[in-house]
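A.B. asks: next input, structure requested:
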Amino acid sequence: MPLLGTCGGFQHVVLAHARNVLGLEDAEHGEYNPYASRLFITPLSCSLAGEVMDVEIKRNTAASWEYQAARASERYYCSFGLNPEYLDAIVRGGLTLGDVDSGGEPRILELTSSHPFFLATLFVPQTLSTAEHPHPLLSALLRVAREP
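C.D. replies: A predicted model of the protein is given here:
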């Protein structure tokens, strides 16, 4: 089944991956359990709520195929994201880093090796999508969902 997790969806993809793929059952979210010993989701260095920021899309990723561009501007509503201490573990566990912001922080994670469409974005692509100019990730999700 195709998946596009945005904002909180990104955060919960990270938690599910940590718990179910990496076997770290105690992986936690800093908003729900700030004193946990293994915080995979922590407050961002500054809140991105309401911000529009550029992201650098990594080459040869599902995101790059859909955007057909190396950069994009995206709107955010999040104040929490992937704890950078766990980025290497997440990537070693099978998620691909699809893009980063100007500070190098992850903004898209993908599962491409075993899934037809699985993207998690810290930004919220639906806010910049219109009927006349649909967001490329939303168009891709709908295209893949229609396939038998």
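A.B. asks: ranges for the strands of this structure?
C.D. replies: 3-6, 28-29, 39-43, 52-57, 71-75, 80-82, 96-101, 106-110, 118-121 (DSSP state E).
A.B. asks: for the second one, the distance to its chain's centre please.
C.D. replies: When you say that, I think you mean strand 28-29. 16 Å (CA atoms, centre = their mean, to the nearest Å).
A.B. asks: and if you look at the first one?
C.D. replies: On the basis of CA atoms, centre = their mean, the separation between the geometric centre of strand 3-6 and that of its chain is 8 Å.
A.B. asks: swap in the fifth one?
C.D. replies: Taking CA atoms, centre = their mean, one finds strand 71-75 lying 13 Å from the centre of the chain it belongs to.
A.B. asks: helices or strands up against it?
C.D. replies: strand 52-57 (3 or more CB pairs under 8 Å, 6 or more residues apart in numbering; DSSP states H and E). Bear in mind the C-beta positions are built from the backbone N, C-alpha and C, glycine included.
A.B. asks: re the thing from before, looking at the strands of the chain, which has the lowest confidence?
C.D. replies: Mean pLDDT values for those show the minimum at strand 96-101, a mean of 85.
A.B. asks: for the strands of the chain, which one sits closest to residue 145?
C.D. replies: Smallest distance to residue 145 across the strands of the chain (CB to CB): 9.6 Å, for strand 3-6.
A.B. asks: give me the residues contacting the closest one.
C.D. replies: Residues outside strand 3-6 that contact it (CB atoms under 8 Å, 6 or more residues apart in numbering) are 12-13, 115, 117-126, 137-138, 141.
A.B. asks: strand partners (parallel or antiparallel) of the helix or strand bottoming out on mean pLDDT in the chain?
C.D. replies: Among the helices and strands of the chain, strand 96-101 carries the lowest confidence by mean pLDDT, DSSP states H and E, at a mean of 85. Using DSSP bridges, strand 96-101 pairs in its sheet with strand 52-57 (antiparallel), strand 106-110 (antiparallel).
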